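Asker: Sequence and predicted model, in that order:
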Amino acid sequence: MKIGILQTGLVPSELAQQLGEYPDMFARLLDGRGFDFTTYAVVNGEFPDGPEAQDGWLITGSRHGVYEDHAWLPPLEALIRDIYTAGKPLIGVCFGHQIIAQALGGDVRKFDGGWSIGATDYAFGDETRRLNAWHQDQVVTPPEGAETVAKTDFCAHAALLYPGHAYTVQPHPEFGHDVVKGLIDLRAPGVVPQPLIDTANDRIETPLATQRLADEFETFFKTGTLA
């Protein structure tokens, strides 16, 4: 199955040298599941011809906000709507989660409650999954027709299911502890409050449910459902 990765951000160069860019992280997360990946660096203005170019689509994280003024954001939102209309399975992570919601009529904002970073417990129905977070922006009002399938006390819409169309999540299943540690060292000082940094460092080796989400991504790409 051919999956197009829409890359919306760049990993800090110090980390990218060792861990690769976002598409490399997703390729590792979904390795051995029958997918062939093609990357489109939309953050640099590189777009596919249209939704039919691939069998499914994945939108990465980014340090940018979906509400910012960048030339590549309006065509990305238009592409999201075209993918949705075409019925191609679409997955979004962090920024991808947010931009899909915004493109389809939802509301995304810089959250007044501040940051969520590092290993965080998410309620997926009755199941608790610990996954790495790194965000301040979040979906505050989902689009019509989207179902909230995960939440925390901090983030009320941490995962959204658009039945038969898209599955999007706020946490980063592609982030291992090495990525989070790098972001703590490179991007957190002076930006993220020190108590949050300390808590993230304390949890830096905690087990994560990344393969649980990888299983769901595979199922959604192949069937358009989570079951």
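Answerer: Structure's in. What do you need?
Asker: In contact with the residue nearest the centre of the chain: list those residues for me.
Answerer: Against the mean C-alpha coordinate of the chain, by CA atoms, centre = their mean, the closest residue is V93 at 1.0 Å. Taking CB atoms under 8 Å, 6 or more residues apart in numbering, we find V93 in contact with F26, L58, I59, T60, G61, T168, V169, P171, H172, P173, E174. From N, CA and C alone the C-beta is placed, and that goes for glycine too.
Asker: repeat that for 7 Å
Answerer: T60, G61, V169, H172, E174 (CB atoms under 7 Å, 6 or more residues apart in numbering).
Asker: swap in Y67?
Answerer: Going by CB under 7 Å, 6+ apart, Y67 touches V108.
Asker: Swap in 10 Å and give it another go.
Answerer: Taking CB atoms under 10 Å, 6 or more residues apart in numbering, we find Y67 in contact with L73, Q98, I99, Q102, D107, V108, R109, K110, D137.
Asker: cool, and E46?
Answerer: Shown in contact with E46 (CB under 10 Å, 6+ apart): L6, Q7, T39, Y40, W72.
Asker: Name the nearest of the contacts of Y67 relative to V149.
Answerer: For these, the closest approach to V149 (CB to CB) belongs to Q98, at 15.9 Å.
Asker: who are the neighbours in contact with the closest one?
Answerer: By CB under 10 Å, 6+ apart, the residues touching Q98 are 8, 59, 61-62, 65-67, 92, 106-109, 135, 137-139, 157, 168, 170.
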